[in-house]
Structure formats: structure tokens, C-alpha cells
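**Student:** coords please:
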Amino acid sequence: MTATSNAICRIQFESVPLTESDVLGGTFPSGKDGWGTAAASPLTYDFRVQEVTYSPNATLLETSDELMGLNGPPQHSGAGQYAPQITLKLRCRPNGLAVLLFWICGSQDTTTGASGSVLGDGNTSDVTTTAVFSTPTSDKVATGTYQHHWQWSPATRIVPQTALVKFAPLMGTSPGNGWILSGAAVESAAFAFDSDNSLSVTLTIKGLYFTPANAGGSYPTFSLTPSFDTFKPYAKGNLSLDSGTTQLSNPSTSKVMDWNMTTTNTLDNYFAFTQNTLYPDSVEFSDVWPTVTGTLTKRICLASDYDAYRNATAVPATFYLKSTNYLTGTSPAKFVAWFPGMQYTNFTPDAITNKRLIGASFDYAGRLDGSSGSFAEFYTIDTMALTNFCVSPPVSGTTPFAYTGSI
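**Tutor:** Here you go, the predicted structure:
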């Protein structure tokens with residue numbers, strides 16, 4: 001099932017993954033979201049949807065392997081289990097991207113802009129960004145903006161950040177027939193530039209419970225007044241590469257034409273046998289390591305590129321988007337993907353044809369760096385405080401929806 005235009009998606013983060021019994025056993029659809037146990041944050045974030053596909057992914061109970069003396073396929077007995085999944089394609093706007101990274105990576109470290117900060121004025125009271133942001137420019141975190149930092153920690157975090165997701169076509173100011181997915185976690189996020197040069201991300205999302213909405217009968221209903229990010233999306237022309245890394249941005253050798261990046265957190269949605277349900281009731285990270293990978297497409301390929309691939313050279317790499325959106329005063333929005341030890345993992349040369357330049361594509365991956373203990377990190381500067389977002393799982397001694405820092 002697919003919708004490709006005029007659709008809206010609303011995200012509310014959960015303090016614990018919501019299951020079928022949470023939905024059916026609480027106050028849903030009337031009353032507050034959270035279904036009786038403050039499990040979904042009252043804070044909402046709305047996205048314009050480029051594309052959405054969705055399915056309950058039912059596995060049917062088939063009886064064709066039983067000896068019944070039939071001369072045709074017997075009727076199935078309904079669903080034996082469900083594994084609901086949706087795919088969302090969204091444009092990356094500064095504040096919305098911070099929300100998505102919170103969903104993908106979990107809680108973050110935040111630096112609040114200092115009072116009186118002006119971008120690049122050199123005032124000692126300014127809050128300077130990390131060293132990562134000093135390449136290629138040394139900008140400041142100005143008043144009214146926030147610098148967020150994410151780093152994967154799957155070894156100490158078992159349950160991913162989950163959300164309650166509502167999506168529907170937007171009929172004027174009211175949503176039409178839609179769907180609700182609870183216990184929704186992001187398994188992969190593929191960042192790439194569209195044909196219009198805007199940066200988009202395609203999210204593959206697994207959930208615990210899936211139901212139609214606004215469809216009449218006993219199905220739940222929801223209404224909403226959308227509030228969208230007013231900033232422009234990041235664009236291809238906003239991208240710059242670490243000037244200190246020959247494999248990335250030396251103009252005489254690299255000539256990077258295109259870039260993409262995919263994060264993967266492999267998830268296990270399973271039955272913990274805590275309730276009578278055909279839907280999974282638990283979600284955890286699997287034992288497969290998370291990865292951040294991508295492809296660099298180059299106009300030409302020289303010896304330095306191929307040698308880096310052949311010799312397994314690991315280099316620090318920074319992919320840096322500095323938007324033309326000014327958040328406050330002269331402080332622009334930013335998104336940085338930093339790899340302390342990037343390596344090439346595959347080499348695909350262009351076909352040899354009668355043209356001036358023969359290029360190549362290099363697959364890259366963030367690999368664990370011994371000195372930093374990290375393989376990939378994200379930074380943003382935006383106007384999203386990211387406070388009062390639900391953190392899943394809740395930390396002992398904290399109140400629901402309170403920001404608790406890193407888990």
C-alpha cells in the first residue's frame with residue numbers, strides 16, 4: 001500500500017514501546033495519547049511526506065500440508081502473526097532532521113547557545129562548536145540555537161527509541177483515512193539527494209502494533225492541526241567535505257559528484273509471551289553491529305583513490321552541510337556526519353567509453369577508531385531544544401517525557 005503526495009506524518013516518542021494490549025487496554029482512541037499510561041509524549045512533530053508504503057506483513061495460517069483429500073487449495077485460517085512495517089521518505093529540514101536523528105540514534109548531548117553570541121564575532125563568551133565544526137569553518141552556537149551530538153551506544157542500550165506514528169492523506173485541514181503504528185523504531189535511514197538537489201531520507205520502520213484509523217466502525221480516529229518545519233530543506237549545494245582528507249575534497253584528485261549515507265540498526269521484533277497477541281510485543285537491537293555506510297561518486301579516479309581502497313587506508317572524514325537557512329541572527333543551520341576512521345569498502349569504475357573523464361564510485365563505511373572509540377557521529381545546529389522528548393526506555397528516577405541525557 002502506497003501514498004505518494006499530500007500526506008502527513010505525526011511522530012510522538014514513547015517512553016516504553018507500545019504494544020497491542022497498550023492500545024486495546026487503555027483509553028484509546030478517546031483521551032490522551034499514551035492509552036492510560038503516559039507512554040507517548042504529548043509533544044508532537046509533523047512531517048510532509050514524499051512517499052509512504054505500509055503493510056501489516058501478515059503470515060497466514062495455511063493448512064495445505066494436511067492430508068484432506070482435496071483437489072484444490074484449502075482456505076487459510078487467517079493470520080498467524082503480523083510484522084508491521086512502514087517506509088517513509090521525508091525531506092531533511094534542520095529541525096525535523098534533529099527529531100529524526102533522535103529517533104534513529106536515541107538521546108543526545110546538547111550545547112545551548114550562549115547569551116549574546118554572534119556567529120563568528122570572536123567574542124570569548126560565545127559557545128564554540130566542537131572541533132568537528134571547525135572544519136571547514138569555525139562557527140558559533142548563537143543565542144536561540146542548539147548544538148546536538150549523537151553517537152551510537154548499542155552495547156549499553158538494548159531497547160531502541162520508539163515512537164507512535166500517525167500518517168494519513170491531508171484533506172484540507174483534516175486527515176483522511178489513515179494508519180497508526182505503535183512501538184515504531186527505525187531500522188535503517190538512507191540519506192540521498194533528490195533530482196531537485198534537496199536532501200531526503202528514506203526510513204525503514206518496524207513496529208509492534210498496526211491499525212487503520214479514521215476508517216469508520218470500531219477503528220480509532222484522530223484529528224490534528226499540522227505544524228510543519230518552516231525552514232528550507234538541506235540542498236546538495238550546502239555540502240562540503242573535509243579539506244584535510246585527500247580522498248574527499250582535494251579538487252585536483254577527488255571531484256566528488258554525489259554522496260549518500262545509510263545508517264542501519266538491525267532490530268529484533270519478537271514475542272516475549274507476556275500477552276495474548278498475534279503482534280510482536282517486544283523490540284530490541286539485534287546482535288548485528290550498527291553500521292553507517294555510503295557511496296562517493298567521483299568524476300575521475302586517480303592512484304590515490306585506488307591506493308586508499310587497496311591498502312585499507314582509514315582516514316578521518318567529515319561530511320558537512322551548512323544551510324543557507326539562518327536560524328537566528330546570522331547563525332546558519334548545520335548537519336555534520338563525522339567518521340573518525342572512514343574506509344573504502346568497494347570500488348566500481350565507470351565503463352570505458354569515448355569521453356573526457358572516466359570516473360568511479362567508492363563505497364565507504366565508518367569503522368571503529370581505536371583512539372576515539374567511535375565509528376560514526378552526527379552533529380546538528382538548529383532551534384530544536386529536544387527537551388521533554390520521551391526517552392525509551394525510561395531512566396530510573398526520572399519523570400515521563402523528561403530529557404535525561406545519554407543512556
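
**Student:** which residues sit against the longest helix that the chain contains?
**Tutor:** Using DSSP state H, we find that the single longest helix of the chain is helix 94-105. The contact list for helix 94-105 (C-beta atoms under 8 Å, 6 or more residues apart in numbering) reads 11, 13, 45, 47, 90, 92, 108, 148, 150-152, 161, 163, 185-186, 189, 201, 203, 229, 231, 234, 263, 265, 323, 325, 327, 333, 335, 378, 380-384, 386, 389. (C-beta placed from N, C-alpha, C; glycine too.)

**Student:** and these, which of them are in helices?
**Tutor:** Reading helices off the contacts of helix 94-105, I find no matches (DSSP H).

**Student:** ChimeraX command for the buried members of the residues you listed?
**Tutor:** For the buried members of these, the matching ChimeraX selection, counting by 16 or more other C-beta atoms under 10 Å, is:
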select :11,13,45,47,90,92,108,148,150,151,152,161,163,185,186,189,201,203,229,231,234,263,265,323,325,327,333,335,378,380,381,382,383,384,386,389
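
**Student:** let's see the longest helix of the chain as PDB, backbone CA atoms only.
**Tutor:** C-alpha atoms of helix 94-105 as PDB (Å, rounded to 0.1, in the frame of the first residue of the first chain):
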ATOM      1  CA  PRO A  94      17.000  21.500  10.000                       C
ATOM      2  CA  ASN A  95      14.600  21.000  13.000                       C
ATOM      3  CA  GLY A  96      12.900  17.900  11.500                       C
ATOM      4  CA  LEU A  97      16.300  16.300  11.000                       C
ATOM      5  CA  ALA A  98      17.200  16.700  14.700                       C
ATOM      6  CA  VAL A  99      13.900  14.900  15.500                       C
ATOM      7  CA  LEU A 100      14.700  12.100  13.100                       C
ATOM      8  CA  LEU A 101      18.300  11.700  14.500                       C
ATOM      9  CA  PHE A 102      16.800  11.400  18.000                       C
ATOM     10  CA  TRP A 103      14.600   8.600  16.700                       C
ATOM     11  CA  ILE A 104      17.400   6.900  14.800                       C
ATOM     12  CA  CYS A 105      20.200   7.200  17.400                       C
END
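
**Student:** immediately after it, which helix or strand?
**Tutor:** strand 109-112 (DSSP states H and E).

**Student:** so how far is that following strand from its chain's centroid?
**Tutor:** 19 Å (C-alpha atoms, centre = their mean, to the nearest Å).

**Student:** all helices of this protein, in order?
**Tutor:** Remark: helices assigned in the chain by DSSP H are 20-24, 94-105, 246-249, 303-310.

**Student:** find the nearest non-adjacent residue to residue 158, please.
**Tutor:** Leaving aside its chain neighbours, residue 158 sits nearest to residue 284 (5.2 Å; criterion: C-beta to C-beta, 6 or more residues apart in numbering).

**Student:** so residue 271 sits against residue 208, correct?
**Tutor:** No - in this structure residue 271 lies outside contact range of residue 208 using C-beta atoms under 8 Å: 10.5 Å.

**Student:** common neighbours of those two, please.
**Tutor:** With C-beta under 8 Å, 6+ apart, residue 271 and residue 208 have common neighbours 280-282.

**Student:** can you get me a residue count around residue 63?
**Tutor:** Per other C-beta atoms under 10 Å, the neighbour tally for residue 63 reads 13.

**Student:** for it, which non-adjacent residue is closest in space?
**Tutor:** residue 74 (5.2 Å).

**Student:** so how far is residue 66 from the one you found?
**Tutor:** Residue 74 sits 8 Å away from residue 66, going by C-beta to C-beta, to the nearest Å.

**Student:** where does the stretch 251-400 of the chain have low pLDDT?
**Tutor:** The stretch 251-400 of the chain contains residues with pLDDT under 70 at 251-257, 329-330, 387-400.

**Student:** related to what we said a few turns ago, so the residue nearest to residue 158 touches residue 268, yeah?
**Tutor:** Yes - using C-beta under 8 Å, residue 284 is in contact with residue 268, at 5.2 Å.

**Student:** comparing those two, which residue is more hemmed in?
**Tutor:** Per other C-beta under 10 Å, whichever of residue 284 and residue 268 has more neighbours is residue 284, with 16 against 13.

**Student:** which positions within the longest strand seen in the chain qualify as buried?
**Tutor:** What stands out as the longest strand in the chain, according to DSSP state E, is strand 331-349. The neighbour-count check on strand 331-349 (16+ other C-beta under 10 Å) flags 331-344 as buried.
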